[in-house]
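# output the structure for:
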Amino acid sequence: LTYLKGCREDILNLMQAKCMYNCSEEHLKHFQDLTSYYGYFICDCIIQQDPSWIPQQTEIINCMKTVWKSESFHQEIDSFNTSPLIWKVPKLISQCLVTYLNETPEDTDTLFHLLRAYDHKYLCSMEVLKTFIDYKVVATYSCHKKREIFFAFVPVYLDASIDNAFKAKIFVHLLIPMIRNSFEDGQVDEIIGGPPCPDEDSETNIISVFIGKFIDCENSQTEPDNIRLLLLQFACLFVEYAFLHIHDPTTRKHGTKLRQLMTYAWPCLHMKRYAEPSMKYHGHLLLTHIISKFAIHRKIVIQVFNSLLESHTGEVIGVAKKALDIIVPALPNRMEDGQTLLLHWTRKVLIEESKSGIMMHVILLVVQHNQLYYPIYRSIVHYMIAAMQKISSGMPSKENRRICLDIAEVILKWELQRAKDEKNSLEGATTSGEQYGVSSMETDQYVDNSNKFNLENQTNESVEHDKVHLEFVMNYLFKFTCCKGEHATAGPQNQWASEPLWKRCLNLFKRAIM
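Okay, here's the model as predicted:
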């Protein structure tokens, strides 16, 4: 090992294939590849025994950096037209550079260029590099080092000569996970650069720099889709965890930072159908985060909510559901008539949209947020029943059966909650009568009057509808419970697949008849 350490010039010549070859031209490339491979291999062996050796070898490191940054090198590896030994070279170079970065973490340029590995499909394992990025840089770097990486990326982002795909890799694999990790660890002020000062702009504040240099509202339409999508994701991260650094919620007038973010996301609401759907609904997601944190005009809230209700395509359904999970709980809190708006727009979509995809999207939204819809459940329960009838008709799939059980469970929850509320109201009336010394006869009379008042408010029609809906759910559960034998005829595989659903249905039926 000591001898190899002293042969740095020879190792460098091997890596650069600067040797005398006594062979024909057709075999020259093969021997050059073989020579460079052994140069990297020897260097890797030395580093495994003594990691502190590599930071001192400036020429060797510069050689590795030059090769790694060369696009022709990666294209040659991807083409598979080289010697099989060369296929292992990216692994050897990345392992050497990772060891170098462990000793000298301030070299952010090398860190950025290592992310080029995610652009290529190598036959060798790059696990050492991925482990270093995910578990060393993202998880263990201090806030000070992470801030240095962010500010080192700013001139890279502003340089128009650098490929956008390279910038996107830095966003995806380094910046967004790195900042998110610090936010989740509760280091919001440390990573941002101080306590919340939303009305001040500072060159040391990450949010100020991000909004000032990354967010370009005037030229947002000309930005590449991949970059704009990642900027929207980054903005969502800041609004979700560091909203106090963007705007003071107690201040009615919107600040500059908040207005810029809303202006940047607003065009996503009006994008045409052929626009990139993922970018479009990440703009919706940013707006829902803003709505959940700040007081926003009701027209904007309604427009965002209505647009999300109509999103049901498979490629954006995950982002749309995430946005709905944010905005639906915020509606009753942000507006006095939030429950009324929730009912109006939900029912409007269910009535006007005949597409089964949109109907199922909204039905599943109601199922997930059934507690929020409970005060208005009588106005939408018949749509739930209609959905159950449509889904369970014919030979429903396992997924459709599961959805029907979800709907049935929600309707039973609503009915049980209604019965519990009525019981509590009667007990409350009795307790209040005893508290003020009212006789039991007078209390009974008061309870009777209360019941009479409640029954007068609940029309006979609504009571009958409750019975009809509950009977339908009970009948469905009863039929599902009794048809266990039918699943066996479809084969043992389907029988085992339906067993959990059958047990769940049986439990729901027992719960309903108790």
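
# rest of the way, CA atoms for contacts and neighbours
Will do.

# all helices for the stretch 151-300 of the chain, in order.
Under the criterion DSSP state H, counting those that start in this stretch, the stretch 151-300 of the chain contains helices at 164-170, 176-184, 188-192, 206-209, 225-241, 256-265, 277-293, 298-309.

# go on, the stretch 1-150 of the chain?
Secondary structure of the stretch 1-150 of the chain (DSSP H, counting those that start in this stretch): helices at 2-5, 8-15, 25-49, 58-69, 71-79, 89-103, 108-114, 127-131, 138-140, 143-158.

# follow-up on the earlier one: just put the helices of the stretch 151-300 of the chain in CSV and tack on mean neighbour count.
Formatted as CSV, the helices of the stretch 151-300 of the chain follow (neighbours: other C-alpha atoms under 10 Å):
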stretch, mean neighbour count
helix 164-170, 19
helix 176-184, 19
helix 188-192, 19
helix 206-209, 21
helix 225-241, 20
helix 256-265, 19
helix 277-293, 24
helix 298-309, 17
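
# so which of the ones you listed gets nearest Glu336?
Among those, the nearest to Glu336 by C-alpha to C-alpha is helix 298-309 (10.4 Å).

# report all helices and strands that that closest one contacts.
Applying 3 or more C-alpha pairs under 8 Å, 6 or more residues apart in numbering; DSSP states H and E, we find helix 298-309 packed against helix 277-293, helix 317-334, helix 338-352, helix 356-368.

# related to what we said a few turns ago, point out the most buried one among the helices of the stretch 1-150 of the chain.
Counting by mean count of other C-alpha atoms under 10 Å, helix 89-103 has the highest mean neighbour count of the helices of the stretch 1-150 of the chain, with a mean of 21.

# which residues does it contact?
37, 40-41, 43-44, 47, 51-52, 54-55, 61, 64, 68, 107, 110-111, 114, 122, 124-126, 128-129, 132 (C-alpha atoms under 8 Å, 6 or more residues apart in numbering).

# and the end-to-end length of stretch 349-357?
One end of stretch 349-357 to the other measures 12 Å (C-alpha to C-alpha, to the nearest Å).

# what of stretch 359-376?
Chord length of stretch 359-376, first to last residue, is 18 Å (C-alpha to C-alpha).

# any residues touching it, and which ones?
Applying C-alpha under 8 Å, 6+ apart, the contact partners of stretch 359-376 are 309, 311-312, 321, 324, 328-329, 339, 343, 346, 349-350, 353, 384, 387, 406-407, 410, 414.

# ChimeraX command for the buried members of those?
A single ChimeraX command selects the buried members of these (16 or more other C-alpha atoms under 10 Å):
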select :309,311,312,321,324,328,329,339,343,346,349,350,384,387,406,407,410,414
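
# distance of Gln303 from Trp345?
To Trp345, Gln303 is 10 Å away according to C-alpha to C-alpha.

# can I get stretch 52-67 in CSV, CA atoms only?
This file holds the C-alpha atoms of stretch 52-67, laid out as CSV (Å, rounded to 0.1, in the frame of the first residue of the first chain):
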residue,chain,number,x,y,z
SER,A,52,-7.5,10.4,4.0
TRP,A,53,-5.1,9.8,1.1
ILE,A,54,-7.4,11.1,-1.7
PRO,A,55,-7.9,14.7,-0.7
GLN,A,56,-4.2,15.3,-1.0
GLN,A,57,-4.0,14.0,-4.6
THR,A,58,-5.1,17.1,-6.5
GLU,A,59,-4.1,15.9,-10.0
ILE,A,60,-5.8,12.6,-9.6
ILE,A,61,-9.0,14.2,-8.3
ASN,A,62,-9.0,16.8,-11.2
CYS,A,63,-8.5,14.0,-13.7
MET,A,64,-11.5,12.1,-12.2
LYS,A,65,-13.6,15.3,-12.3
THR,A,66,-12.7,16.0,-15.9
VAL,A,67,-13.7,12.5,-17.0
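
# what residues does that stretch touch?
The contact list for stretch 52-67, computed with C-alpha under 8 Å, 6+ apart, reads 8, 12, 15-16, 46-47, 73, 93, 96-97, 99-100, 103-104, 110.

# and Thr222, how far from Glu499?
Here Thr222 is placed at a distance of 54 Å from Glu499 (C-alpha to C-alpha).

# equivalent analysis for Arg334, please.
Distance of Arg334 to Glu499, given as C-alpha to C-alpha: 43 Å.

# looking at these two, which is more packed in?
Remark: of Arg334 and Glu499, Arg334 carries more neighbours, 19 against 13, as counted by other C-alpha atoms under 10 Å.

# excluding its backbone neighbours, what's nearest the more buried one?
Ala295 (6.7 Å; C-alpha to C-alpha, 6 or more residues apart in numbering).

# residues near that neighbour, how many?
Neighbour count of Ala295, defined by other C-alpha under 10 Å: 18.

# pretty sure it sits against Pro249.
Yes. With contact defined as C-alpha atoms under 8 Å, Ala295 reaches Pro249; the gap is 7.2 Å.

# ok, Val209 to Glu422 distance?
Distance, Val209 to Glu422, by C-alpha to C-alpha: 56 Å.

# if we can go back for a sec, can you list the helices and strands packed on helix 298-309 in CSV and add mean pLDDT?
As requested, the helices and strands packed on helix 298-309 are exported to CSV (pLDDT from 0 to 100):
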stretch, mean pLDDT
helix 277-293, 91
helix 317-334, 87
helix 338-352, 80
helix 356-368, 82
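
# could those helices go into TSV alongside distance to Leu244?
Output for these, formatted as TSV (distance: least, C-alpha to C-alpha, whole Å):
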stretch	distance to Leu244
helix 277-293	9
helix 317-334	18
helix 338-352	24
helix 356-368	29
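
# quick one: contacts for Leu258?
Shown in contact with Leu258 (C-alpha under 8 Å, 6+ apart): Ile246, His247.

# the longest helix in the protein is where?
What stands out as the longest helix in the chain, according to DSSP state H, is helix 398-435.

# any idea of the angle that one forms with helix 356-368?
With axes from the mean of the first three to the mean of the last three C-alpha atoms, to 10 degrees as the basis, helix 398-435 and helix 356-368 are set at 40 degrees to each other.

# what packs against helix 398-435?
Using 3+ C-alpha pairs under 8 Å, 6+ apart, helix 398-435 sits against helix 356-368, helix 381-392, helix 440-457, helix 460-482, helix 492-513.

# count of neighbours near Thr251?
Using other C-alpha under 10 Å, Thr251 has 10 other residues around it.

# which pLDDT value belongs to it?
The model reports Thr251 with a pLDDT of 85.

# phi and psi next, for it.
The phi/psi pair for Thr251 (degrees, to the nearest 10) reads phi -90, psi 120.

# against Pro198, how distant is it?
11 Å.

# kindly report the same for Glu103.
Glu103 is 37 Å from Pro198, by C-alpha to C-alpha.

# same question, Ser292
18 Å.

# do Cys63 as well
The spacing between Cys63 and Pro198, counted by C-alpha to C-alpha, is 46 Å.

# now swap in Ala265 and tell me
According to C-alpha to C-alpha, Ala265 and Pro198 sit 19 Å apart.

# please apply the same query to Leu308.
Between Leu308 and Pro198 the computed distance is 29 Å (C-alpha to C-alpha).

# and what of Trp345?
34 Å.

# the more surrounded of these two?
Each of Trp345 and Pro198 has its neighbours counted (other C-alpha under 10 Å); Pro198 has more, 18 against 15.

# quick one: pLDDT of the more buried one?
Reported pLDDT at Pro198 in the predicted model: 88.

# cool, Leu258 as well?
For Leu258, the model assigns a pLDDT of 92.

# kindly report the same for Gly485.
Listed pLDDT for Gly485 reads 48.

# go on, the one 10 residues further on?
What the model reports for Gln495 is a pLDDT of 46.

# I'm done for today, thanks for sticking with me.
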